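J.: need coordinates for the below:
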Amino acid sequence: MMNILKNIFVTLGLGFCLVFIPNCRGNIIATKEELADYGWVMYEEHEFFDARDWFGDAIKKDTLYYDSYNGMGWTMGHLRMADSSVHYFEKFLTMDTSFSNILDFYAGLSFAYNALGKNTEARTNCNIFFGKQNPILDAPWKFSHNQKINYLDVRLILALSEFRLGYFENCQASINKIYYVIEPSTIVDEDYMTVTGRSALAAHLATLQDQLQNS
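T.: Here you go, the predicted model:
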């Protein structure tokens, strides 16, 4: 990222050169990649309003560059604009689904729909997320711009959505998949047909949410 910053400062310096020194030749204009990369710099520094501006400029520069929409989707989520987050993720997915880092989009959509209380859509995108992974060949997903966010968080959103939709058997299975990774000795086997069993599932969800947020 420091190299990106240096490139931007060099670009700005050359801009001043063009104004004040007649012999300077050429005009260097930031590419869509540079604009999006600096958006990620702002994102990682939690300067989300600035990040939004940089990603917006990158989209204006090239409406078909996936990482600009990726950055805008995640940034809007942090700005508590989940509906806008969904808009940017889904807008690009209607244009292309054959790009790298596509799991970022489905993870982002899962979180955004969960924030909107749209559990069916959240569950759908979680299942697409996991359906696009090969557990044998693919390394477990981590969000490259925030290493604390990973596939277990998506699994938790799936479990929460299943619970809210009344799919308690699926919810219990999802909970156990999370425990298998972080606490293998814990196996949840509740009678989810009863109020007591469902309350126990809810307690496990709360525990897992706290563990993942603080891990």
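J.: and the chain, what are its domains?
T.: 1-30, 32-94, 101-215 (automatic domain parsing).
J.: what's the most buried one of those domains?
T.: Among the domains of the chain, domain 32-94 has the highest mean neighbour count (mean count of other CB atoms under 10 Å), at a mean of 20. Every C-beta, even on glycine, is put in place using the N, C-alpha and C of the backbone.
J.: rounded mean pLDDT for it, please.
T.: The average pLDDT for domain 32-94 rounds to 97.
J.: what about it, start to end distance?
T.: Domain 32-94 has an end-to-end distance of 20 Å (CA to CA, to the nearest Å).
J.: distance of S174 from M193?
T.: 17 Å (CB to CB, to the nearest Å).
J.: actually E162, not the one I typed
T.: In terms of CB to CB, E162 sits 15 Å off from M193.
J.: got it, and N176?
T.: 17 Å.
J.: can you check Y167 too?
T.: 13 Å.
J.: before we move on, what about E169?
T.: Taking CB to CB, one finds E169 at 9 Å from M193.
J.: remind me what the helix or strand hosting K177 packs against, helices and strands.
T.: K177 is part of helix 168-182, with elements assigned from DSSP states H and E. Judged by 3 or more CB pairs under 8 Å, 6 or more residues apart in numbering; DSSP states H and E, helix 168-182 is in contact with helix 151-164, helix 195-213.
J.: how far does the longest one sit from its chain's centre?
T.: Put plainly, it is helix 195-213. Relative to the centre of its chain, helix 195-213 is centred 23 Å away, using CA atoms, centre = their mean, to the nearest Å.
J.: tell me where the protein has helices.
T.: 2-20, 32-44, 48-61, 66-78, 82-93, 102-115, 119-131, 151-164, 168-182, 195-213 (DSSP state H).
J.: could those be laid out in CSV, adding distance to F143?
T.: Below are those laid out as CSV (distance: least, CB to CB, whole Å):
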stretch, distance to F143
helix 2-20, 19
helix 32-44, 11
helix 48-61, 14
helix 66-78, 8
helix 82-93, 14
helix 102-115, 7
helix 119-131, 12
helix 151-164, 9
helix 168-182, 17
helix 195-213, 13
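J.: of the ones you listed, which is nearest A139?
T.: For the helices of the chain, the distance to A139 is smallest for helix 151-164, at 9.8 Å, taking CB to CB.
J.: average model confidence for that closest one?
T.: pLDDT averaged over helix 151-164 gives 98.
J.: that one vs helix 168-182, what angle?
T.: 160 degrees (axes from the mean of the first three to the mean of the last three CA atoms, to 10 degrees).
J.: what helices or strands is helix 151-164 leaning on?
T.: helix 102-115, helix 119-131, helix 168-182, helix 195-213.
J.: who touches it?
T.: By CB atoms under 8 Å, 6 or more residues apart in numbering, the residues outside helix 151-164 that reach it are 106-107, 110-111, 114, 119-120, 122-123, 126-127, 129-130, 133, 140-142, 168, 170-171, 174-175, 177-178, 181-182, 198, 201-202, 205, 208-209, 212.
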